[in-house]
Structure formats: structure tokens, C-alpha cells
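Asker: model this:
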Amino acid sequence: LPIPIPGHIIVNCLKGTKKSPIMHSSLNRAQAVFGFFTTVALFVAGFAALSVLLYPTDEAKAAVSLKDVKVVKGRPHYYSNKKEEYAQMRFDLDADLSSLFNWNTKQLFVYVYASYSSSDKESTLLPQSESIIWDTIISAPESPYSFNALRERFFPAKSSSKRTTGAKKSTKKDKAAPGVLRLRNQRAKYQISDITGKMAERSNVTLSVGWNVQPWVGALWWSPGSGAVPRTGGDSGRSKPFQFPALKTKATAKTAEGEGQAKKVEV
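Answerer: Numbers count the residues shown, from 1 in each chain. Next up is the predicted model:
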């Protein structure tokens, strides 16, 4: 049976209640719309970042080999009186990194680095030093549904319309997959040195290829041999071990020239 409630209690309860706020002002509505928009944007960004897991990267591979290396002496800067030894290298690079590109890829940072002993002594427990000798940035191809592509498609400029019509056939044939590199006798961008100032006659030196996938949304992905996480699949190339040559001096240059002239005379 229902319990009867006295009338004075009901009156006191009604007096103590407050009216709930009504969302009628523009500021309240703007705050609600903005909060809903940020929530949806965060969920979409999360799904976009996780969608890269659907694209396998096991087919990415690279191969690098040394072509030439020499050790020279130079100054670290203009006002320095002390000279240091620098290693200058040339290499061949074959890489097919097209599988690293997907709809969420903004650009790809590719680099070649040299790994060498941190000490000029053979018996040392120090970890190996790593120095980048060459790098490049490969931008992702423009999407056909981007703003610039749609603008050129539906509203082409008068000056460029004539050029594009004649160049359409050639561009279709010349278009290569992004991330394909074929370099022969490539000169290193950076010459490397050591804190000791000596680089000559160091053994067990290798060249390796690394990359860093920079997406529009999400985490950066590194090459398998970099040691960083998260990592992509594939095979990052490594060259055969080699040794830095002895430092070239005037005496060695003269002896080399003399040997060359002697060989010519014998022939």
C-alpha cells in the first residue's frame, strides 16, 4: 500500500528544488558543438593511426655497397688551428620502399649511416659509433582527391591547360612508384669524424640503410635495424665490412705516382 506523505513535507520539497538550466544561449550551444567536434576528431584520428596496421610493410628492402673511401685531414671550422681526420665515402644504393607508402603517409626520411669502432684500438668494449653520411626526404604522391588536384581538374589555369594536355601522355609513362631509389657512385653528403680526431685504419666499418615513416596522424615508424619502436617490416640493407685506409700524405702520394709511372714504362 502507498505510504501517505504529509502536505507540509511536499511543500518544503517543492520550495527547495531549483529549475534545471536550459541550453538556450549561443555560448552554451557553441561549447556543446565544439566538445562534440573534438570528441569525434579524436576518434577519427585514432582510427586513422591504427589503420596503417592493415598495410603490410614486409616487402620494403634496401641494399647498399661501398664504392670508394678515403681519409683526409682538415679543420673542423675556419678558426681552428688543430686538424682532424675525416672519412669521405661513395656508395651504391638500391632500395624499393614503395610498400611504406599508404594513404596516411606524409613523407619518408631515408638515410645511410656508417657504423665503426669508437676507439682506434682493436680490443675495446666500447659500443660502435654511428654517423649519417647521406639522407633524403621522399614526399608522398599527391592524392587525386586533394584540394589542389581537384582545383586543377575542374578549374585549370589558362596558361597551364595547354601544357598539361601535351604532357599528360609523357607523365603517365614516366611516373615511377614512390620510394624507389637507384643510386650509383653516390657521393656522401656528410664527411664523418671522431672525438679522438683520428679515423685512419679503423676496421670493421659497415654502411647501413635506415628510414623513418612520418604519417599525417599517428606515431613515427622506424626501420627494423634502428632499435627504435614502433618498427616497420622489411629488410634494411647492410654492406660488407671494410676498413678505413691510411691517411694520404705527400710521401704516399709521390710513391703512388712513382709506381704508376713505373708501370707505364714497363708496359
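Asker: show me the contacts for Ser223.
Answerer: Contacts for Ser223 (C-beta atoms under 8 Å, 6 or more residues apart in numbering) come out as 209-212, 231-232, 234, 236. All C-beta atoms are positioned from the backbone trio N, CA, C, and that covers glycine.
Asker: what's the answer for Phe244, then?
Answerer: Taking C-beta under 8 Å, 6+ apart, we find Phe244 in contact with 69, 71, 87, 116, 199-203, 205.
Asker: at 7 Å what do you get?
Answerer: Residues in contact with Phe244 (C-beta atoms under 7 Å, 6 or more residues apart in numbering) are 69, 71, 87, 199-202, 205.
Asker: quick one: which of those sit in strands?
Answerer: In this view, the contacts of Phe244 that belong to strands under DSSP state E are 69, 71, 87.
Asker: now those residues in a markdown table, with neighbour count?
Answerer: Below are these laid out as a markdown table (neighbours: other C-beta atoms under 10 Å):
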| residue | neighbour count |
| --- | --- |
| Val69 | 18 |
| Val71 | 20 |
| Ala87 | 23 |
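Asker: for the protein, longest helix please?
Answerer: Criterion DSSP state H: the longest helix present in the chain is helix 26-50.
Asker: gap between that one and the chain center?
Answerer: Helix 26-50 has its C-alpha centroid displaced from the chain centroid by 30 Å (C-alpha atoms, centre = their mean, to the nearest Å).
Asker: I'd assumed Lys73 was in a strand, is it?
Answerer: Yes: assessed with DSSP: H, G, I helix; E, B strand; the rest coil, Lys73 lies in a strand.
Asker: sorry, back to before: what does the longest helix of the chain contact?
Answerer: Contacts for helix 26-50 (C-beta under 7 Å, 6+ apart): 23, 104, 217-219.
Asker: ok, now stretch 191-201?
Answerer: Contacts for stretch 191-201 (C-beta under 7 Å, 6+ apart): 71, 84-88, 114, 120, 129, 131, 133, 243-247.
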